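Asks: I need the structure of the sequence given here:
(chains A and B)
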Amino acid sequence: NAGVTQTPKFRILKIGQSMTLQCTQDMNHNYMYWYRQDPGMGLKLIYYSVGAGITDKGEVPNGYNVSRSTTEDFPLRLELAAPSQTSVYFCASSYSTPSGNTIYFGEGSWLTVV
Amino acid sequence: TQLLEQSPQFLSIQEGENLTVYCNSSSVFSSLQWYRQEPGEGPVLLVTVVTGGEVKKLKRLTFQFGDARKDSSLHITAAQPGDTGLYLCAGVEAETSGSRLTFGEGTQLTVNP
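Replies: I've put the predicted structure just below:
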């Protein structure tokens, strides 16, 4: 039962570098999300997707890009990493809208930008 | 401005005590969820409430959705050290497409033995 799988678990980036956080789910869910969580805080929605080929901005999309070429995968791209992007990133998925549907979260990716 | 305001932000109590955590907003929600998160892990769903005035119980945890669907509370009876964690409320605004789940900033609960 893999569920939502994120990689890498930990990463240190230098300012200005770029990287991709990978996310895949094996539950055939239509909806996928990327959140970031700063220490002791709630989660902020970065981007979400309601199906393959469709993506939308969340609350804090600046500095990030996403794509959804398949139902299973929803990678998050960081271009020109900045210290403000130091955070824990969570990928999540749900079968349909979050209203009334369970959202399943990955275990998180710890990113530090120095 | 935070869409969902949780209070208190931090709560430290002794084992056996009761506690209530609040989640408030000026917006109406089509549904509201409560999550519990432990260090190093993602949030795990505890409950979803969808009807104004709805009350749901999960063992020692009681969840209530406000009549106007703008607020919710989580009450824990006889708290145990295993209840320690970050409790997050999250909601889907009624006047939206229903695709975005917004989180509060969380209540960090510590239950001391």
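
Asks: B:L109 contacts B:G82, doesn't it?
Replies: No. Using C-beta atoms under 8 Å, B:L109 is not in contact with B:G82, being 11.0 Å away. Every C-beta, even on glycine, is put in place using the N, C-alpha and C of the backbone.

Asks: more neighbours, those two?
Replies: B:L109 (21 against 8; other C-beta atoms under 10 Å in any protein chain shown).

Asks: tell me the contacts of that one?
Replies: Neighbouring residues of B:L109 by C-beta atoms under 8 Å, 6 or more residues apart in numbering or on different chains: B:11-13, B:19, B:21, B:76, B:79, B:83-87.

Asks: so which of these are also by chain A?
Replies: Among the contacts of B:L109, the residues that sit close to chain A (C-beta under 8 Å from any C-beta of the partner chain) are B:L86.

Asks: around chain A, which positions in chain B sit nearby?
Replies: Counting by C-beta under 8 Å from any C-beta, chain B sits next to chain A at B:4, B:6, B:30-31, B:33, B:40-45, B:48, B:50, B:86, B:88, B:90, B:92, B:98-106, B:108.

Asks: how about the residues of chain A that lie near chain B?
Replies: Checking chain A against chain B by C-beta under 8 Å from any C-beta, the hits are A:4, A:31, A:33, A:35, A:40-45, A:48, A:50, A:56, A:58-59, A:90, A:92, A:97-100, A:102-103, A:105-108.

Asks: and A:I54, how many neighbours?
Replies: For A:I54, using other C-beta under 10 Å, the count is 12.

Asks: mind checking how far it is from A:D26?
Replies: Separation of A:I54 from A:D26 (C-beta to C-beta, to the nearest Å) stands at 20 Å.

Asks: ok, now A:F105?
Replies: Applying C-beta to C-beta to A:F105 and A:D26 gives a distance of 14 Å.

Asks: got it, and B:R36?
Replies: 24 Å.

Asks: what's the answer for B:V111, then?
Replies: Counting by C-beta to C-beta, the gap from B:V111 to A:D26 is 35 Å.

Asks: higher neighbour count, the two?
Replies: Neighbours per residue (other C-beta under 10 Å) separate B:V111 from A:D26, with B:V111 holding more: 20 against 12.

Asks: residues contacting the more buried one?
Replies: B:13-15, B:17, B:79-84.

Asks: can you check B:E15 too?
Replies: B:79-81, B:111-113.

Asks: again, only using 6 Å
Replies: B:111, B:113 (C-beta atoms under 6 Å, 6 or more residues apart in numbering or on different chains).

Asks: distance of it from chain A?
Replies: 23 Å (C-beta to the nearest C-beta, to the nearest Å).

Asks: low-confidence ranges, chain A, go.
Replies: A:1 (pLDDT under 70).

Asks: how about a cut-off of 90?
Replies: A:1-2, A:39-42, A:79, A:95-103 (pLDDT under 90).

Asks: isn't A:L21 right next to A:F74, touching?
Replies: No. Using C-beta atoms under 6 Å as the test, A:L21 is too far from A:F74 to be in contact (9.5 Å).

Asks: of those two, who's got more company?
Replies: A direct count of neighbours by other C-beta under 10 Å for A:L21 and A:F74 places A:F74 higher, at 29 against 22.
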